[in-house]
Structure formats: C-alpha cells, structure tokens
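J.: Sequence plus the predicted model coming up.
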Amino acid sequence: MNRYTAKTLNDVLALASEKEGCTIEELNYQVIEEKKGLFVKKVVIETYGVSDVISFAKDYLLTIISNYDLERTVEIQFECYNELNDLVIRKLFIEIMSRQSNIILTNDKNIIIDTLKHIDNTRELLPAHEYIFTPINKISFLETNSFEAFINIVNTSGSIISLTKFFIDTFIGFSKPFIKETLKLLSISDTEYSERRIYMAKDLNESRRPIGKDRIIFNVISYVFLAVLAAVCLLPFLLVISGSFTEQYAIQLHGYQLIPETFSLDAYKMLFRIPEDILRAYGVTIFVTFTGTTVGLFFTSMAAYVLASPDFRYRYQVSFFFYFTCSKIRVCFCIHIR
C-alpha cells in the first residue's frame, strides 16, 4: 500500500495515478485523512492493489479463525448487529468429527445461542448454557518434537493391538481413514507391530481352563431356578387353554385342571355362532388400544421433554406428582379388576 498527500482530492488522485502509472478511474484508494481549513488544506489517500487485498484478507482470516491444536474444531469470531441494532461479537464453533459433527453459535462469553445438535455422547449443548469443548485426554502430536519422545510414548502405552487404534486413542487430530491411508502408502500393516497372537493364545488357554465345582453348582441352581420360574409363568396360559376344552359343569365341580376332566368344544361352537359380536369386540379392543397408546405417547413425550430440561424450576415436584398419581391409578385399577 502507498500513501499520497496533496491539498485537494483531485490533486492527490492525479499524483497517485502518475506514480502508479494508471488512470484515475483504475485507482483503488481509500481516503485516510482530509483537512479543510482557512489556511490548511490536506488530503491523504492510500492506494492498494490485488496483492494488498489478498494479504489483508489472509491476515483478517487468520485473526478471526482459530482452532484447538490439531483437533478438528474451528472457531470463527465475527461482528454483527443484534435485534436492538447494537454491534455485538459472535462466535461460531464448527466441530468436524464424523457422526459427532456439530455447529454451535455463541456470544462473546461462550454462552450458547443455538446449536445444530443439542445432545451428543458426552455433553448437553442447550441454549443459555456455557459452551464446553469436547474433553480431550490425548497428546498433541506437536509436542513429540523428536523420535525419542515418540518412542517413549509408545513404550509407556502398553501392548499395541492395532496401530490405527493406538494413534486415535493417543494423539489429537487423527481420524481413522487418514491413519489407514497413511499406513497403506507406507506399506505398513495395521497389526504388524501388535502382539495379537500372544493375546489370542493367552485367551485361548484361559478359555480351556477346567470349570470349578462352585461354578458348576451355581450354573445348576441358576438353570433349575429359571426353569421353575418359566414353568410358573407358563402355567396360567396352559390352564386357560385347558379350560377352553373342558365342560362348564366339570370346571364348577373340579376347578381348572391341566388335563380336561371332560373334553368339550362347546366354548368354540358358541364363539362361531355369533361372529359379528366377536369381530365387534375385537374392533373395539383395537380402537381403544391404538387410540389410548397414541394419545398416551403424545402426552408422555411432551411431559418428558419439559421434565428433561434443567431450566424447568419445578421438574422434581411435577415428576413426583406424575409418578405418584400414575402408580395410584394402576393399583386402584388392579384392585377393581380383581
């Protein structure tokens, strides 16, 4: 950029065009200072070319854009006008992390305004909450400035099963496709330096160990208990099926039995004599079930959304009200049915 000074704007433009070797219309300039007094007149302009614009844009982008070490998160800081037409600072955090990718808009104090995704595996990103960067317990590869430092990290990391997993779990900013492509270009196998065979042999030997008596006794008791529990749960269904094939007077005299006292198909004959009533009953059951489930699911989802928000002041009291009333209704309903 070059600066030129003269008494008037026309004079300084003429001077600048002469020095730059172009016409006044081709000049790119900006008025830096202009004084108009009784005794002093002065105009200062600054001219710039394409290279100056590129350099300014580069410096500006480096000023407003930053990232965390080698992690795949970019922070963009910019100025804008809010609803009250006040100039404010906003920050845009772009997390490029495969399925966990997200975009978060915050104010200058990192208070969240809105996000693309409100929940991920480790955080809740809700409006009016402070933006917290994804916790990192990894090493920056920039800190390993020597081969000896890298070897020290490898030796202290234990047995390496996979080079890909080792780099992802140890260092910041490495993605699985990048590591696999790098190993492929270097003609290195992912498990070349692993001790997979040793671990497989160890696991195989452990799996072939004889089972102790205490384990056998525990397994026998568990299987017997589960078998008895399954039979008890199945018994009511078997009694209902057996009762449907039993005469009515036999049930009144002897009660329900697994093996019918007197075999009869009268119950099924009566059902097929009035098919309209049976179909109507099924229709009412299906309608009540579908309608009740849909309405109940809708109201339950709406209530759950409100109760899940930490900003709701009385969510614990309302939750207790829901649990208490629903449990009481279920108990009363069961007593009424019995």
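T.: Nice, thanks for sending it over.
J.: Okay, helices next: where are they in the stretch 101-250 of the chain?
T.: 147-156, 163-170, 176-185, 196-207, 213-244, 248-254 (DSSP state H, counting those that start in this stretch).
J.: now do the same end-to-end measure for stretch 36-47.
T.: 21 Å (C-alpha to C-alpha, to the nearest Å).
J.: from memory Thr144 sits against Ile153, does it?
T.: Yes - counting by C-beta atoms under 8 Å, Thr144 does reach Ile153; the two are 6.5 Å apart. Where C-beta positions appear, they are placed from N, C-alpha and C, glycine not excepted.
J.: domain assignment for this structure?
T.: 2-48, 56-115, 141-206, 235-337 (automatic domain parsing).
J.: End to end on stretch 97-106, go ahead and measure it.
T.: OK, stretch 97-106 end separation, C-alpha to C-alpha: 19 Å.
J.: Where in this structure is the helix or strand with the lowest mean pLDDT?
T.: Across the helices and strands of the chain, mean pLDDT, DSSP states H and E gives its lowest value to helix 196-207, namely a mean of 44.
J.: distance of the residue nearest to Met1 when sequence neighbours are not counted from Phe321?
T.: Spatial nearest neighbour of Met1, excluding adjacent residues (C-beta to C-beta, 6 or more residues apart in numbering): Tyr48 at 4.9 Å. Tyr48 is 69 Å from Phe321, where distance means C-beta to C-beta, to the nearest Å.
J.: So if I had to pick from these two, which one is more boxed in?
T.: More crowded of Tyr48 and Phe321, by other C-beta atoms under 10 Å: Tyr48, with 15 against 11.
J.: For that one, give me its contacts.
T.: Met1, Asn28, Tyr29, Gln30, Phe56 (C-beta atoms under 8 Å, 6 or more residues apart in numbering).
J.: Which of those ranks first by neighbour count?
T.: Tyr29 (20 neighbours).
J.: give me every residue that touches that one.
T.: Tyr29 touches Leu13, Ala16, Ile45, Glu46, Thr47, Tyr48, counting by C-beta under 8 Å, 6+ apart.
J.: So for the protein, the centremost residue is which one?
T.: What sits nearest the mean C-alpha location of the chain, by C-alpha atoms, centre = their mean, is Asp120, with 2.4 Å.
J.: Not counting its neighbours along the chain, what's nearest it?
T.: Going by C-beta to C-beta, 6+ apart, Asp120 has Gln100 as its nearest residue, at 5.3 Å.
J.: and Pro260, how far is that from Leu271?
T.: Plainly put, Pro260 is 17 Å away from Leu271 if you go by C-beta to C-beta.
J.: which of these two has more neighbours?
T.: Each of Pro260 and Leu271 has its neighbours counted (other C-beta under 10 Å); Pro260 has more, 18 against 12.
J.: my read: the more buried one touches Thr246, true?
T.: Yes - at 4.2 Å, Pro260 and Thr246 qualify as touching, with contact defined as C-beta under 8 Å.
J.: where along the protein do the strands fall?
T.: 2-6, 29-36, 41-47, 65-67, 73-81, 87-95, 102-107, 112-115 (DSSP state E).
J.: Using TSV, lay out those together with distance to Pro275 and mean pLDDT.
T.: Below are the strands of the chain laid out as TSV (distance: least, C-beta to C-beta, whole Å; pLDDT from 0 to 100):
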stretch	distance to Pro275	mean pLDDT
strand 2-6	99	83
strand 29-36	91	80
strand 41-47	95	84
strand 65-67	72	71
strand 73-81	67	85
strand 87-95	62	89
strand 102-107	58	90
strand 112-115	57	90
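J.: For Ala231, find the nearest of the ones you listed.
T.: strand 102-107 (52.0 Å; C-beta to C-beta).
J.: Just the buried residues of that closest one, please?
T.: Neighbour-count burial for strand 102-107, with 16 or more other C-beta atoms under 10 Å as criterion, is recorded at Asn102, Ile104, Leu105, Thr106.
J.: Cross-check the contact I'm expecting between the last one and Arg90.
T.: Yes - Thr106 is in contact with Arg90 according to C-beta under 8 Å; the separation is 7.2 Å.
J.: Please identify every residue contacting each of those two.
T.: Common neighbours of Thr106 and Arg90 (C-beta under 8 Å, 6+ apart) are Ile113.
J.: for the stretch 201-338 of the chain, what are the low-confidence residue spans?
T.: 201-211, 326-338 (pLDDT under 70).
J.: How about the stretch 51-200 of the chain?
T.: 62-64, 67-70, 121-122, 134-136, 142, 147, 155, 157-161, 190-200.
J.: How much space separates the spatially closest residue to Thr144 that is not a sequence neighbour from Phe141?
T.: Leaving aside its sequence neighbours, Thr144 sits nearest to Phe150 (C-beta to C-beta, 6+ apart; 4.7 Å). The gap separating Phe150 from Phe141 is 9 Å, by C-beta to C-beta.
J.: neighbour count winner among those two?
T.: A direct count of neighbours by other C-beta under 10 Å for Phe150 and Phe141 places Phe141 higher, at 17 against 14.
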